[in-house]
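J.: After the sequence you'll find the predicted model.
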Amino acid sequence: MSALPSQSRYIIGTEACERFSFYGMKSILMLYMTGHLLMSENWATATLHVFAGMVYLLPLAGAWLADKVWGRYKTILYISLLYCVGHGVLATADLFHTIEARRYILMTGLFIIALGAGGIKPCVSAFMGDQIPNKSPQLMTKAFNAFYWAINLGSFFSFLVIPAMEQHYGYSWAFAVPGIFMGIATFVFWLGRKKYHRTPPERNNGRAGFWKVLFIVLFHGGWKNAEQRCGASAVEDARHILKILSIFVFIIPFWSIFEQTASSWVAQGSRMIPLSIPLPGGGAWTIGPAQIQAANPIFVMVFIPLITVFVYPKVVTLARPLVRLGTGLALSSVTFLIVAFLQYRLEGGASMSIAWQLIPYCVLTISEILLSTTGLEFAYTQAPLHLKSVITSFWNLTIFAGNMLVAAITFFLSNGESANAISTDRFILYAILAAVVAVAYSFRARRYGKTE
């Protein structure tokens, strides 16, 4: 942290508080829908992943506002205020007396939160990169590792605090506290306003947009005609984006696996025996399906420095971002094979402690570090200056696609109104999908040819 510019600390603090607000709300969402709003597991799973998917689709709008209209600073500040409103709406859901009214308020709050969380998502990491002098590769890696560490610090405490808030004070307060932290995040970001390095939006740079170029290429005569109508610089930008997207598309199965820690893993954990940890002076701390999600961020905070200091310098091939991405994807397949084995034991009638989920959480975390932290760095360093937020939003779009994949599979395999949203076969399906895509990715990565 000491090597980073002083203003980056405001951004890191903002990200920690914002992630506390988002993951704290999300940690109890599955249990709230199934236990409190009486939604089936399939319905709740699909709802959660559609919401999560929207959070990662809307970065396209946020990136456009940041790059073309407001600039990154104003986009983050303005949309963060909307984000706070969404949390406020969600906190009122449990005040209504009918299930139908609570469901309506839930959906409204989630929609506004998706607008807020999605709108700022491509901007914060890109704004972090803007603060790094001379775009030093070593300093950039440290900055994004610190940024990702802050994400997991916030999420770790949210997984511990918010489920406990729900148990002791109910869902209204459990949803209100994340809103308070989002307000703190907005204030902390505003405090650094005089120190930030701001890249102004390019409102009239003369370049045609990526989508316009792509439309002409597909439907009006190909690249040559696009260059004549849009200009060589716009076509070059489009080719650059498509080249990066040819890597990003392979990451989708990883997110379909990772995002299920808030849905199918919670459903599996609810069928396990809670872990009880004795406390000094009597009593015990009970870890259930909501709290066990804290394993991921704590593992991230432990493993990131270990992998950065001891693994990357010794394993030379992992110094290359493309190799890290592929290794992370392959490990995600292993993760769901372990989850499938746990589910197989549960379906066979075994009584299992929820502590068994720590094993797949450990493997998934290593996969995440190799893939997700690298993805943020790769997205920023590979993009031209004027396309930083756009490329970052396309990275987020892979998470949208992963969530939509889960929602689609859940819908088609739900067998109507069946309440059971998890099975051994379904977990194996995701594991096979990730393994096949990892093999295909290895061939594409060799041909990527971009100087890293």
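T.: Nice, I can see it. Numbers count the residues shown, from 1 in each chain.

J.: Quick check: buried residues in the lowest-mean-pLDDT helix or strand in the chain?
T.: Taking mean pLDDT, DSSP states H and E as the measure, the helix or strand of the chain with the lowest value is helix 374-382, at a mean of 76. Counting neighbours by 16 or more other C-beta atoms under 10 Å, one finds that the buried residues in helix 374-382 are Thr374, Gly375, Leu376, Glu377, Phe378, Ala379, Tyr380, Thr381, Gln382. In short, each C-beta sits where N, CA and C put it, glycine included.

J.: Give the next helix or strand downstream of it.
T.: Using DSSP states H and E, the helix or strand that directly follows helix 374-382 along the chain is helix 388-412.

J.: Can you spell out which helices and strands pack onto that next one?
T.: Applying 3 or more C-beta pairs under 8 Å, 6 or more residues apart in numbering; DSSP states H and E, one finds that helix 388-412 contacts helix 41-57, helix 59-64, helix 99-130, helix 232-248, helix 252-258, helix 374-382.

J.: Buried deepest among those helices, which one?
T.: Scoring these by mean neighbour count under mean count of other C-beta atoms under 10 Å gives helix 252-258 as the most buried, with a mean of 25.

J.: contacting residues around the residue nearest the centre of the chain?
T.: The C-alpha lying nearest the average C-alpha coordinate of the chain belongs to Ile399 (C-alpha atoms, centre = their mean; 6.5 Å). Neighbour list for Ile399: Ala52, Gly53, Val55, Tyr56, Trp255, Glu259 [criterion: C-beta atoms under 8 Å, 6 or more residues apart in numbering].

J.: Also Gly24?
T.: Applying C-beta under 8 Å, 6+ apart, the residues contacting Gly24 are Ser158, Phe159, Val161, Ile162, Ala174, Val177, Pro178, Phe181.

J.: Buried among these? Need that as a selection in ChimeraX.
T.: The following ChimeraX line selects those of the contacts of Gly24 that are buried, judged by 16+ other C-beta under 10 Å:
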select :158,159,161,162,174,177,178,181
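
J.: who's in contact with Thr374?
T.: With C-beta under 8 Å, 6+ apart as the criterion, the residues that contact Thr374 are Pro321, Arg324, Leu325, Gly328.

J.: Which residue comes closest to it once chain neighbours are left out?
T.: Residue nearest to Thr374 in three dimensions, not counting chain neighbours: Arg324, with 4.4 Å by C-beta to C-beta, 6 or more residues apart in numbering.

J.: Look up how far His240 lies from the one you found.
T.: 21 Å (C-beta to C-beta, to the nearest Å).

J.: Kindly report the same for Ser27.
T.: Taking C-beta to C-beta as the measure, Ser27 falls 38 Å from His240.

J.: Then Val390?
T.: Counting by C-beta to C-beta, the gap from Val390 to His240 is 10 Å.

J.: Where does the prediction get shaky in this structure?
T.: For the chain, residues meeting the criterion pLDDT under 70 lie at 1-2, 135, 203-208, 376, 389, 415-421, 449-452.

J.: quick one: the strands in it?
T.: Across the chain, reading from the start of the chain, the strands by DSSP state E fall at 275-278, 284-287.

J.: Quick one: closest of the ones you listed to Arg103.
T.: Minimum separation from Arg103 across the strands of the chain (C-beta to C-beta) falls at strand 284-287, 28.5 Å.

J.: how far out from the middle of the chain is that closest one?
T.: 28 Å (C-alpha atoms, centre = their mean, to the nearest Å).

J.: what packs against that strand?
T.: Under the contact criterion of 3+ C-beta pairs under 8 Å, 6+ apart, the helices and strands touching strand 284-287 comprise strand 275-278.

J.: related to what we said a few turns ago, out of the strands of the chain, flag the one nearest Phe341.
T.: Set against Phe341 and scored by C-beta to C-beta, those come closest in strand 275-278, at 19.0 Å.

J.: Please consider this matter closed, and thank you.
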